[in-house]
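Participant: Sequence and computational prediction follow.
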Amino acid sequence: MKKDKYRLLIIDDNIDCCDELCFQLKRYDNLTVEGMAHNGVKGRKLIEKTRPDLLFLDVELPDTLGMNLLNEIKDKVDWPMKVVFYTCYDKYMLDAIRSSAFDYLLKPFEPAELDAIISRFYNQVEDGNLKDSLMQAAPVNGGEKLFAIVTPTDEMRVLRASDIGYFRYNSERKLWEVILRNNNTPLLLKRNTNAEIIKRFDKCFVQIHQSYIININYLQVVKNGYCMLYPPFDNVTELQVSKKYKKDIEEALFQL
């Protein structure tokens, strides 16, 4: 249904980019910027509060990735909302499409590029296609959720939960690494990736120790204080369970 005014929201940690985008959006009489946020936590709260029609979302935020933020809010977005990834990295275009993003805008942008996106948005409104909400997007990979991680070299990798056996804290490098199903070499994660961020990727990731987070779907048995996993991780013997996290495992198994 066509509206007189459409609510917009900008989530980007670069204040100058936010201000420039906000300034350019003022050229459209029937668009109103309801707010701006500079990290994922505040952005999520602002999305739920303002219920925007159009969201401009940075790919990489200080506390999360835009793609992962979309995964976290899908169950709560029960209104039509289109997402435009706002980024300086063109290598993220494919990931934006996989995340059911409506479009992408590369920094720095020309006014004509923004005009094209807004025009496409208007066309969908007039055609009645705005009814498709974020949570109604077609599932990918058999319905399994995708999420993204960033390596220390700023390479972005898109993964499924089933790709991962467990995460391990590398005390020498002082960062987390992920052990993948089809790769014998651990994949290092960016330094600002902590345990809380990892556990938000998917509910199947459960912390068992200060240095270990396992994929509960691979857990075969807890024996003598250690987690034994299903193949191809059945030869792993290091996954010790600490008393602090024993209850977390029990609760996770109960919810399966």
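Facilitator: Structure received. Numbering: from 1, shown residues only.
Participant: When you work out contacts or count neighbours from here on, use the C-alpha atoms and nothing else.
Facilitator: OK.
Participant: those strands in the stretch 51-200 of the chain, which residues are they?
Facilitator: Under the criterion DSSP state E, counting those that start in this stretch, the stretch 51-200 of the chain carries strands at the ranges 54-58, 82-87, 103-106, 146-150, 156-160, 164-170, 175-180, 187-188.
Participant: Could you dump those into a markdown table with mean pLDDT, distance to L25 and mean neighbour count added?
Facilitator: Shown next, in a markdown table, are the strands of the stretch 51-200 of the chain (pLDDT from 0 to 100; distance: least, Cα to Cα, whole Å; neighbours: other Cα atoms under 10 Å):
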| stretch | mean pLDDT | distance to L25 | mean neighbour count |
| --- | --- | --- | --- |
| strand 54-58 | 95 | 11 | 25 |
| strand 82-87 | 90 | 13 | 24 |
| strand 103-106 | 88 | 13 | 20 |
| strand 146-150 | 83 | 29 | 21 |
| strand 156-160 | 84 | 29 | 14 |
| strand 164-170 | 97 | 41 | 21 |
| strand 175-180 | 96 | 39 | 21 |
| strand 187-188 | 94 | 39 | 20 |
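Participant: can you put the ones you listed in a markdown table and add distance to Y230?
Facilitator: Shown next, in a markdown table, are the strands of the stretch 51-200 of the chain (distance: least, Cα to Cα, whole Å):
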| stretch | distance to Y230 |
| --- | --- |
| strand 54-58 | 37 |
| strand 82-87 | 38 |
| strand 103-106 | 40 |
| strand 146-150 | 22 |
| strand 156-160 | 17 |
| strand 164-170 | 9 |
| strand 175-180 | 13 |
| strand 187-188 | 20 |
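Participant: For this structure, just list every one of the helices.
Facilitator: With DSSP state H as the criterion, the chain has helices at 15-25, 40-50, 66-73, 93-98, 111-127, 195-201, 243-255.
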